[in-house]
Each structure stands twice: as C-alpha cells, then as structure tokens.
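Asks: Build me a model from this:
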Amino acid sequence: MYRTLFTLVLSKLDPERAHHWAFVVIQALPTFGIGRLVRRFTRPDPSLATHALGREFDSPFGVAAGFDKDGKAVIGLGQLGFGHVEVGTITAVAQPGNDKPRLFRLIPDRAVINRMGFNNGGAAAAAERLERIARRSNRPVLGVNIGKSRVVAVEDATADYLTSARSLAPVADYLVVNVSSPNTPGLRGLQELEQLEPLLAAVKAEAGRVPLLVKIAPDLTDDQVEKIAGLVVRIGLDGIIATNTTISREGLRTDPAVVQAAGAGGLSGAPLAARSLEVLRIIRSIVPGELCVISVGGVETADDVAERLDAGATLVQGYTAFLYRGPLWARQINRGLARRR
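Replies: You can find the predicted model right below:
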C-alpha cells in the first residue's frame, strides 16, 4: 500500500513538504493513545535487546540524525519500533538553514540529496523540550547530535560546541559531535586531527559522564579514517558514527541532468552503502571490541542491517529508506532481524 501511495502521490510532492506532513503524523502518534496501540504492533522482539553506551536498546536499529532535528517526535518514532532516536543536528544558535529548495529525491537510486544546513531552533529550546522527554519511561534511547552554528567562525567552533554540550548533555543518553556535514561551510575541516583532537577533548570534559561519539564523513581517505579511529581510542571517547552523507555523485543511475539540477549537498541512501560498510570495517579493525560503532548509510532491509552487525557494528541507523519504505520500516527491520536469531 505504501509503495503505491509513494508512487502515485508522495513522489509528486515537494520532498520537504512531504517530510513535514509525515513528521506531523508521527509527532501526533502519542496523542489519544494511538501510539500505544501502534506500539503493540511494532514492538521489537525481546531477542533484539542490545546493551551499549550504558543503556538497554530494545533493538539495535535506530533512526539517524536529520529526521527529527529538534526532538519533537521522539516518542512517536519509538512507537514505530526504532530502538533509539538521534535528534539534531542541533546548534547553539537557532538558524533557519539554507534556502529552499534544499531536499531532492533521486528515485532510481533510492537516494536523497540534501543541503538543509542544520535548520533547528537552537540548543536552549531543544534542551527544555528534551528534558521533558528524558523523564518519560516509555521512550527510546535518546541521542543528541550537535554541530557548529553557521554564524560562528571555524576558529571559534570549540566554544560553540561547548555551549550546545552544556545545554544538551544533561538530557541526552549519548551525545554526538557532528564534524562531517557538507552543508555548513568549513565544518568538514574540523576532521583534521590538529583541530579535531582539542575539540573532542573539550566537549568530552563538558559532557562529563554522558557517552560521547563523533560522526565522520564517508569521503575521508582510509588513512584519515584510521587516524580518527586511533584518536577516538586515545582520548577515551565512547564511540564513532560512520558515516554521514557523501559529496560524491559517482555511479548514480538517475538522469545526470536531474542530479545536476539538484546541485550541491550531501547524498544519502543506497549509493552510500558500499563505502559506509567499508569504513565500518576499517574502524572495527582498529578500535577495541567494547567501543561503540554505529553504522549508518545505505541500509534498507533487515539483511542490510544484519550485514552491518556481522561486520562489527554495535548499532545501526537509517533515515533515507524511511522515505521509500514508509512508517512500518522499523517493524520490517526488527521482524527480519528476529527471524535471523
């Protein structure tokens, strides 16, 4: 049914508007007990319970940062079967993001190009909202992804991240430093070790006992991935998220004119799968087994998620396939994983 709805209706709508409407529905699930009924249908099998980052996850499969930028639909996403929800990216300073249009479907590739630009209401507003969510017992594990405010110069990035961490670490089950989005000028340069190490060390000190992870780009060289993995171990971070979106456009099946018209931005979805898996294997070959590695990029089926887990991922995240698979996507993944146990 969803495939037909997507083909006949949703694929014809502006992608950001379609996302907004879907988001409103998910946000409303907890209202009037509807979400509790949905949860009976989507609850992961107990065999999928996963211990990581000092928390118990109902399922190793969660929703990646970008879907719920301000933490407004955490409960609804949990009721759809996601074991954790990573909100954000949240910045210290509220910002509208880049000009529209800024979200584009590449349907033949089951992919998306976005240049959203960290549109969000700012760390202070999110912290107030997430504090209420954090107190609820019926919620998924809550991750918070933070990034650099666009109005802040790169040389002042550390202080900006610390402002966000100060507000958001107390309401997060884990915190993520995003230095890998291609849509904020200068951000990816923070992945250079001489800039990354002091940044992560400072945020780690500010976060205190809250687990801290760093999210990296798929466009790093293998050598850069290895060095960042070594850095994470050396300074005592709790994990790595691999990977963010890519700036590559290689191997796409979509009409080149459509791709060119979409313009700049990060590509996510199926074309990212091979590199994301490759980066996961590089990281896992370096870091100790107890370090949390979250794999994201190009997963769509339970077999995809199982492949990442078999390759050493502690947890797996998805987002883009949500657009193509529909609201029961997490349930499909969880049921498929349970059959493999």
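Asks: Phi first, then psi, for the closest residue to Gly66 other than its chain neighbours.
Replies: The shortest distance from Gly66 to any non-neighbouring residue, by C-beta to C-beta, 6 or more residues apart in numbering, is to Tyr319 (5.5 Å). All C-beta spots, glycine's among them, are computed from the backbone N, C-alpha and C. Reported as degrees, to the nearest 10, the phi and psi values for Tyr319 are phi -150, psi -60.
Asks: ok, Tyr319 - how many residues close by?
Replies: Other residues near Tyr319 number 22, with proximity taken as other C-beta atoms under 10 Å.
Asks: which residues sit against the lowest-mean-pLDDT helix or strand in the chain?
Replies: Sorting the helices and strands of the chain by mean pLDDT, DSSP states H and E puts helix 2-8 at the bottom, at a mean of 71. Residues from elsewhere that reach helix 2-8, judged by C-beta atoms under 8 Å, 6 or more residues apart in numbering: Tyr324, Arg325, Gly326, Pro327, Leu328.
Asks: What ranges in this protein fall below the confidence cut-off?
Replies: For the chain, the stretches with pLDDT under 70 are 1, 8-10.
Asks: Need the residue closest to the centroid of it.
Replies: Ala64 (2.3 Å; C-alpha atoms, centre = their mean).
Asks: who's in contact with it?
Replies: Neighbouring residues of Ala64 by C-beta under 8 Å, 6+ apart: Glu86, Val296, Gln317, Gly318, Tyr319.
Asks: Give me the subset of the residues you listed that lies in helices.
Replies: Within the contacts of Ala64, no residue falls in helices by DSSP state H.
Asks: Could you export these as a markdown table, including distance to Thr4?
Replies: Formatted as a markdown table, the contacts of Ala64 follow (distance: C-beta to C-beta, whole Å):
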| residue | distance to Thr4 |
| --- | --- |
| Glu86 | 30 |
| Val296 | 28 |
| Gln317 | 27 |
| Gly318 | 22 |
| Tyr319 | 22 |
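Asks: In these, find the pair that's most separated.
Replies: The widest separation within the contacts of Ala64, taken as C-beta to C-beta, falls between Glu86 and Gly318 and amounts to 10.9 Å.
Asks: what's the overlap in contacts for these two?
Replies: Taking C-beta under 8 Å, 6+ apart as the contact rule, Glu86 and Gly318 both touch Val63, Ala64.
Asks: okay, the two: which has more neighbours?
Replies: Glu86 (33 against 27).
Asks: what about the closest residue to the more buried one other than its chain neighbours, which SS state?
Replies: Nearest in space to Glu86, with sequence neighbours left out and distances taken as C-beta to C-beta, 6+ apart, is Gly143 at 3.7 Å. Secondary structure, DSSP: H, G, I helix; E, B strand; the rest coil: Gly143 is strand.
Asks: which strands and helices sit next to the next helix or strand after the least confident helix or strand of the chain?
Replies: Using DSSP states H and E, the helix or strand that follows helix 2-8 in sequence is helix 15-28. Judged by 3 or more C-beta pairs under 8 Å, 6 or more residues apart in numbering; DSSP states H and E, the packing partners of helix 15-28 are helix 74-79, strand 103-106, helix 320-325.
Asks: got the contact list for whatever helix or strand comes next after helix 15-28?
Replies: Beyond helix 15-28 on the C-terminal side, the first helix or strand identified by DSSP H and E is helix 34-42. If you take C-beta under 8 Å, 6+ apart as the criterion, helix 34-42 is touched by Ala28, Leu29, Ile75, Gly76, Gly78, Gln79, Leu80, Gly81, Leu328, Ala330, Arg331, Asn334.
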